[in-house]
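Undergrad: Here is my input, please return the structure:
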Amino acid sequence: MTEDIRLAPLERTDTTAVVSLWNRAARFDALTEALVCEKLFEDDGAAPELLIKAVSGSQLIGFAAGTLRDREGVMFGFVKMIAVDVDWQRRGIGSSLLQSLESTLRAAGAKVVRPGESAPNYLTPGTDVRYTRAVVFFESSGYERVGTAVNMSVDLASQDFRSTVAEQDFRANGIEIRRARPGDRANVEQLLNRHWPAWKPEVFTTFANDPISLHIARRGSEVIAFSAHEANNRGTGWFGPMGTEPDARGLGVGAVLLKRCLSDMKAMGYATATVPWVAPIGFYLHHVGAEISRVFFRHEKKLVDA
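TA: This is a model prediction of the structure:
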């Protein structure tokens, strides 16, 4: 970087400038101020030292945001967001931001760093393949591809997701499907603790929405399945997460829960719903006609002590 450019802590007062810069640089991921605050400042893993900006004089010209997550006893670092304003690119600013972030993550105990995919609070599950310069940037910075991820899109306007006969059949077999209530939180947590503890922050967010944006299946007092929306990237039409107890899979509960959430989202005025970071592509295609809408490269870099 040139001498008149410096790195400094990124603060909430920079939010407006961050939104403006990001939306110029990341044309497939336009954000509002509320979403930038959700990503940068409302993450349980957020820390001031992991929020960095590059400035020229008083002008914000780039920024990077990271977080730490414990993944089964291994500390992972994540580059949640990184961008350089279009007029300042190819001057080494992005590399300086990334190197500074990596150094801080390493000092905090991270063994591996990945761009995106910082669930439960994340924007993308990797680098959209259409951001060609970003793909080249990470790979030239020592990141290796470790897989791909996809988002899917559901056309809500053309479909009717109201209650089905199958839902009535579940009641006859002792399974109740309904919107979650405040008193269900403990039983939902028991299911999450057994299978998806990392999803708890996302799912618990739904209890603060009005109405609660979580639908559950219960067998007796036990919650055996759930589906959520408005749990992450709120206000953008994101579905998920969802999960079903292994011994309850194959009953069709998941499809009904999915449709109940999509019915909510349609009533909220969304024309489409995003199903992010999908594994069972065929499930969403079959039940709601979802189509792959975005493809991401997943990258990883092992951090080693100098």
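Undergrad: could you pull out the strands for the stretch 1-150 of the chain?
TA: In order along the chain, the stretch 1-150 of the chain carries the following strands (DSSP state E, counting those that start in this stretch): 5-9, 51-56, 59-71, 74-84, 112-115, 127-128, 144-155.
Undergrad: and the fourth one, what does it pack onto?
TA: Spelled out, that is strand 74-84. Of the remaining helices and strands, those touching strand 74-84 by 3 or more C-beta pairs under 8 Å, 6 or more residues apart in numbering; DSSP states H and E are helix 15-25, helix 33-40, strand 59-71, helix 93-107, strand 112-115. C-betas here are computed from N, CA, C, even on glycine.
Undergrad: Adding mean pLDDT and distance to Phe161, write the ones you listed out as a markdown table.
TA: What follows is the helices and strands packed on strand 74-84, written out as a markdown table (pLDDT from 0 to 100; distance: least, C-beta to C-beta, whole Å):
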| stretch | mean pLDDT | distance to Phe161 |
| --- | --- | --- |
| helix 15-25 | 97 | 32 |
| helix 33-40 | 96 | 26 |
| strand 59-71 | 95 | 33 |
| helix 93-107 | 97 | 42 |
| strand 112-115 | 97 | 34 |
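Undergrad: For these, give me JSON lines that also has distance to Leu123.
TA: Below are the helices and strands packed on strand 74-84 laid out as JSON lines (distance: least, C-beta to C-beta, whole Å):
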{"stretch": "helix 15-25", "distance to Leu123": "10"}
{"stretch": "helix 33-40", "distance to Leu123": "6"}
{"stretch": "strand 59-71", "distance to Leu123": "10"}
{"stretch": "helix 93-107", "distance to Leu123": "16"}
{"stretch": "strand 112-115", "distance to Leu123": "10"}
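Undergrad: among those, which is nearest Arg249?
TA: Between Arg249 and the helices and strands packed on strand 74-84, the shortest separation by C-beta to C-beta is 24.4 Å, and it involves strand 59-71.
Undergrad: So Asp247, which state does it fall into?
TA: Using DSSP: H, G, I helix; E, B strand; the rest coil, the three-state assignment for Asp247 comes out as helix.
Undergrad: Likewise for the one 4 residues further on?
TA: Assigned state for Leu251: coil (three-state reduction, three-state DSSP).
Undergrad: show me the contacts for it.
TA: Phe170, Ile175 (C-beta atoms under 8 Å, 6 or more residues apart in numbering).
Undergrad: list the contacts for Ser213?
TA: Each residue near Ser213 by C-beta under 8 Å, 6+ apart is listed here: Thr206, Ala228, His229, Glu230, Ala231, Cys261, Asp264.
Undergrad: Mind picking the two most distant members of the residues you listed?
TA: Set against one another by C-beta to C-beta, these have their most distant pair in Ala231 and Asp264, with a gap of 12.1 Å.
Undergrad: still on that earlier bit, could you redo the strands of the stretch 1-150 of the chain as JSON lines and give each row distance to Ala172?
TA: Formatted as JSON lines, the entries for the strands of the stretch 1-150 of the chain read as follows, by distance: least, C-beta to C-beta, whole Å:
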{"stretch": "strand 5-9", "distance to Ala172": "59"}
{"stretch": "strand 51-56", "distance to Ala172": "53"}
{"stretch": "strand 59-71", "distance to Ala172": "41"}
{"stretch": "strand 74-84", "distance to Ala172": "45"}
{"stretch": "strand 112-115", "distance to Ala172": "46"}
{"stretch": "strand 127-128", "distance to Ala172": "45"}
{"stretch": "strand 144-155", "distance to Ala172": "29"}
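Undergrad: what are the bridge partners for Thr148, then?
TA: Phe297 (DSSP bridges).
Undergrad: Distance to Gln159 and mean neighbour count added to the helices and strands packed on strand 74-84, as CSV?
TA: Formatted as CSV, the helices and strands packed on strand 74-84 follow (distance: least, C-beta to C-beta, whole Å; neighbours: other C-beta atoms under 10 Å):
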stretch, distance to Gln159, mean neighbour count
helix 15-25, 31, 17
helix 33-40, 26, 18
strand 59-71, 35, 21
helix 93-107, 42, 19
strand 112-115, 34, 22
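Undergrad: Which one of these lies nearest to Thr274?
TA: The closest approach between Thr274 and any of the helices and strands packed on strand 74-84, judged by C-beta to C-beta, belongs to helix 33-40 at 13.3 Å.
Undergrad: same for the closest one, what does it pack against?
TA: With contacts taken as 3+ C-beta pairs under 8 Å, 6+ apart, helix 33-40 sits against helix 15-25, strand 74-84.
Undergrad: Now tabulate those in JSON lines and tack on distance to Gly269.
TA: Written out in JSON lines, the entries for the helices and strands packed on helix 33-40 read as follows (distance: least, C-beta to C-beta, whole Å):
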{"stretch": "helix 15-25", "distance to Gly269": "22"}
{"stretch": "strand 74-84", "distance to Gly269": "27"}
